[in-house]
Structure formats: structure tokens, C-alpha cells
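**Q** got a predicted structure here, sequence first:
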Amino acid sequence: MTILDGKKVSNDIKNEIAAEVQKIKDKGEKVPHLAAIIVGNDGASLTYVGSKVKACERVGFESTLVQMSNTTSEVELLEKIKELNENPEIDGFIVQLPLPPQINEQKVLLAVNPDKDVDGFHPTNFGKMALDMSTFIPATPFGILELLDRYGVETKGKHTVVIGRSHIVGRPMSILMGRKGFPGNSTVTLTHSHTKNITQITSQADIIISALGVPNFLKAEMVKDDVVIIDVGITRVTDETRPRGYKIVGDVDFANVSKKASYITPVPGGVGPMTIAMLLKNTLLARERHNI
Ligand code: GUN
């Protein structure tokens, strides 16, 4: 069994990006600049955005954090997005999800300039992704592809089962694993809350990508020997023995499933760090595209 070490691979990628930034600096050009908007004070979202800003510093990017209150109106947020769209200093930006209930998420995602949409959430970019056109691939799916690629995990002709159809992970992942090329060329089954007898499906899978958010959902009895497991779950579970009072738990019963798997991602230290590294990669790409 091989651990797909997202912490290590994401560090390698950050080092590669830092080297690119150094080349940019040596030429006296402007370094990439990522901005992040966060609305409200959800603890997990603040942590994720904080990690994104810290990662920018680590590779030598400029970063801007825009914090807006929980009572921000849709109009105010759209105005801020317009500002970032028009600011030539900003190469790419993200609006951290979820948003408070008074704000329509679809309207917000549509307002982001697709050339600065480093999350790859705008319908134009999502459509390009589905049509194999060059675009920004959403960071978490992009990170999973990169892990499979760097460990040389065979995907061609394999049966990939995706659990969960979220717009951020499950849906794009189901498209990407079926694309021509590597990683891809899989036969894909997308499962969700209305799927009947999921064990019958997961037990036939060569690769399982679980993005459900239910701790320890995937048990050893649900998988076959030598399965490849990608665990995207990051649920906070109360744990008074930890300094923060919680621990992060994945969708997979790691202790038992890992005994049957050929490759498996741990939680934490698997897909999570990859997401941040690929957001940086998309920001670097955005800067290159603006400078063409
Ligand atoms: N919320 C959870 N994951 C993500 C992500 O990848 N991007 C943004 N913007 N919000 C998220």
C-alpha cells in the first residue's frame, strides 16, 4: 500500500512555483497577485482562506485578503468583485464559499471575470473544462489529478466511482476522470444521495473518489482489494484532547480500508494541501495569460 502524500507533493509544487516566481523577479517583472474575498466569520472558511494567504507568502506571491461582514449585501459584494475584476494589479481572485443566505451564489460566481477566476467556478470555465479546452480547473479536482499523475496511478480503462456531486469536487471530478488523456480515460460512475445500493457499486470500483463529508462513511467491506482511494472529506469532529478542540476526519475508515488499498490519501495531509498548491498554480497561469 502506498500513501498518496499530498503534504509532500504540495511542498514540491510550491517549491517549483517559488522557483518560477524567482525567475519573474529576476526579470524585474510583477509577481503574481492573488486576492481572496471572505464574507462572514465561519471558522473553517477563515482557516482555509488564512492558509491560502500564507501559501502566497511562502512562494513569493502578493496577496490581498478582503474580509466583509456577515451582513454584507449582495450589491456590496458584487461591487467588490467589480473592483477586483478591474484592478490590473490582481491576476486572480476567489470568493470563499459558502456565502451567507442573503447572497445568491450563482449571481456572484457569474460576476467574476473568467480570466481571473482561479477557482474555475465560472460557467465559462466549467464549460471549457468539460470540452477539453485550456482553462482553470477547480483546485481540488486539479490537485487530485496532479497526485494521480505524480504517483503514476493508472486510470485508463479503470472503473472510477465518484461519491458526491458537488459543483466544487464531485461533478468536475466525474468529468475529468472520463476525459481523453492521463489522468482520465476511466469509466466513471457518479453516485449521490439517491443512489441505490452504493456498496454494490463501490465494491466494483478500481478507483474511489469520496467527496461526501460524512466521517468514516466508506468501510473496508465496501471496497475490493487493491482499490485506489482518494478521500476528499474534511469534517471537523469535536475532540477535547486536541488544542483546537476538534480534529479533521475524512470520509474513509482509513485504519481498515488502507489494509485493502493499493494507494490511499490520508486525512489530513492528502487532498487538502493539494488544493492550496493548485490554487497557486492557477494564479501563476492567470498571470501568464494576462501577459500574453
Ligand atoms: N469552499 C470550499 N472549498 C472551496 C474552494 O475550493 N474555493 C472556494 N472559493 N470556496 C471553497
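**A** Nice, I can see it. Numbers count the residues shown, from 1 in each chain.

**Q** going by C-alpha atoms from here, please, whenever you check contacts or count neighbours.
**A** Fine.

**Q** contact partners for Ile103?
**A** Taking CA atoms under 8 Å, 6 or more residues apart in numbering, we find Ile103 in contact with Ser73, Glu74.

**Q** where does it fall, secondary structure wise?
**A** Per DSSP states H and E: Ile103 is located in neither a helix nor a strand.

**Q** how far away is it from Asn70?
**A** 10 Å (CA to CA, to the nearest Å).

**Q** how long is stretch 181-200 from one end to the other?
**A** Stretch 181-200: ends 28 Å apart by CA to CA.

**Q** please identify the buried residues of it?
**A** Buried residues in stretch 181-200, defined by neighbour count with 16 or more other CA atoms under 10 Å: Phe182, Pro183, Gly184, Asn185, Ser186, Thr187, Val188, Thr189, Leu190, Thr191, His192.

**Q** and which of those is nearest Val59?
**A** Sorting the buried residues of stretch 181-200 by how near they are to Val59, with CA to CA, puts Pro183 at the top with 26.4 Å.

**Q** of the buried residues of stretch 181-200, which one scores lowest on pLDDT?
**A** Within these, Phe182 has the lowest pLDDT, namely 94.

**Q** and that residue, what is it in contact with?
**A** Counting by CA under 8 Å, 6+ apart, Phe182 has contacts Asp149, Thr155, Lys156.

**Q** ok, the last one - contacts?
**A** With contacts taken as CA under 8 Å, 6+ apart, Lys156 has the following neighbours: Phe182, Pro183, Gly184, Asn185, Ser186.

**Q** try the first one
**A** Asp149 makes contact with Phe182, Pro183 under the criterion CA under 8 Å, 6+ apart.

**Q** helix, strand or coil for it?
**A** helix (DSSP: H, G, I helix; E, B strand; the rest coil).

**Q** can you check Phe142 too?
**A** helix.

**Q** shouldn't it be in contact with Met278?
**A** Yes: assessed by CA atoms under 8 Å, Phe142 is found in contact with Met278 at 6.4 Å.

**Q** tell me which of those two has more neighbours.
**A** Applying other CA atoms under 10 Å to Phe142 and Met278 shows that Met278 carries more neighbours, namely 26 against 22.

**Q** strand partners (parallel or antiparallel) of the host helix or strand of Val162?
**A** Using DSSP H and E, Val162 sits in strand 159-163. Strands that pair with strand 159-163, judged by DSSP bridges, come out as strand 187-191 (parallel), strand 207-210 (parallel).
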